[in-house]
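Student: Need a 3D model of the sequence below.
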Amino acid sequence: MNAHDKLIEKLSRDLAPVSPAPNVNALSLVWLLLSAGYVVAVTHMIGPIRDGAFTQLLSEPRFLFESLLGVVAITWIGMAAFRAAIPAALSRTFALAGFVLLALWLAQYVFGLVSPALEPSELGKRSHCYLETVAYSVPPTLVSIFLVRRQYPLQFVGTAMALGLSAGMIPALYMQFACMYEPMHILGLHILPGMSMVLVGAVAATLWPARYDSLKHR
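Tutor: Down below sits the predicted model:
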């Protein structure tokens, strides 16, 4: 037996079998669906959504387009964040595509400052929509971080920030149905509070390190 074979034998001695990595694509989609269901349910428990909001999806193509673009962007970033929990499962192209989609979605509201998809109105205004967006985002953010930390994220803080972004954008998007539609209001009181979950994710990951980091320091 040569030195190379001896080294492999030494390193592999007494190793315990480990379970295979989970299907992170399926895991992320389940988390997204459950998180969206939770946000919708709690939003309706707090108060009714704007009258005719879903009808506007059929009558206003731009509103439908920006809503679908938001769903795709949130889903993509969520999947990218979960993929980051498995070494080599996330490509740079996939991650970049998610942020491009997010930028294109948010650009719809910036463009809406000049030419909105819907006629701006205070119809359906919720007095504390910004607090609702933050409150509804916290549980999905913490659940996703718990799921991801059980894997082996190499850049846990960055992964948690992406998870917080995806979680925060779910209620931010649904507020376009539950609350008034006015681009400046949307950007300042729906989108910005949702983005604050990036900071929540970073803090949570710092205070609650990944299992991978714990193993490194044993």
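Student: okay, CA-based contacts and neighbour counts for the rest of this
Tutor: Will do.
Student: which residues are in contact with stretch 201-212?
Tutor: If you take CA atoms under 8 Å, 6 or more residues apart in numbering as the criterion, stretch 201-212 is touched by 141-142, 145, 148-154, 156-158, 160-164.
Student: Can you show me the CA trace of it as CSV?
Tutor: C-alpha atoms of stretch 201-212 as CSV (Å, rounded to 0.1, in the frame of the first residue of the first chain):
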residue,chain,number,x,y,z
GLY,A,201,-31.4,37.6,8.6
ALA,A,202,-27.9,38.9,9.1
VAL,A,203,-28.4,39.4,12.8
ALA,A,204,-30.1,36.0,13.2
ALA,A,205,-27.3,34.3,11.4
THR,A,206,-24.7,36.0,13.6
LEU,A,207,-26.4,35.1,16.8
TRP,A,208,-27.5,31.7,15.7
PRO,A,209,-24.5,30.2,13.8
ALA,A,210,-24.8,27.5,11.2
ARG,A,211,-24.3,23.9,12.2
TYR,A,212,-21.4,23.8,9.8
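Student: isn't residue 163 right up against residue 146?
Tutor: No. With contact defined as CA atoms under 8 Å, residue 163 does not reach residue 146; the gap is 10.7 Å.
Student: more neighbours, those two?
Tutor: Comparing residue 163 with residue 146 by other CA atoms under 10 Å, the one with more neighbours is residue 163, at 31 against 18.
Student: List the contacts of the more buried one.
Tutor: By CA under 8 Å, 6+ apart, residue 163 lies in contact with 77-78, 81-82, 141, 144-145, 198, 201.
Student: mind redoing it with 6 Å?
Tutor: residue 81 (CA atoms under 6 Å, 6 or more residues apart in numbering).
Student: Same question for residue 117.
Tutor: By CA under 6 Å, 6+ apart, the neighbours of residue 117 are 62-63.
Student: got the contact list for stretch 30-50?
Tutor: 124, 140, 177-179.
Student: List buried members of those by neighbour count.
Tutor: For the contacts of stretch 30-50, a neighbour count by 16 or more other CA atoms under 10 Å gives the buried set as 124, 140, 177-179.
Student: Could I get the full set of helices for the protein?
Tutor: Under the criterion DSSP state H, helices of the chain are mapped to 3-12, 24-46, 53-59, 61-83, 92-112, 129-149, 156-178, 183-186, 192-195, 197-207, 211-216.
Student: so which of these is the most packed in?
Tutor: Ranked by mean neighbour count, these are led by helix 156-178 with a mean of 27 (mean count of other CA atoms under 10 Å).
Student: burial measure for residue 60, as a count.
Tutor: Close neighbours of residue 60, defined as other CA under 10 Å, add up to 12.
Student: if I look at it, how far off is residue 109?
Tutor: From residue 60 across to residue 109, the span is 15 Å (CA to CA, to the nearest Å).
Student: Please apply the same query to residue 129.
Tutor: Distance, residue 129 to residue 109, using CA to CA: 17 Å.
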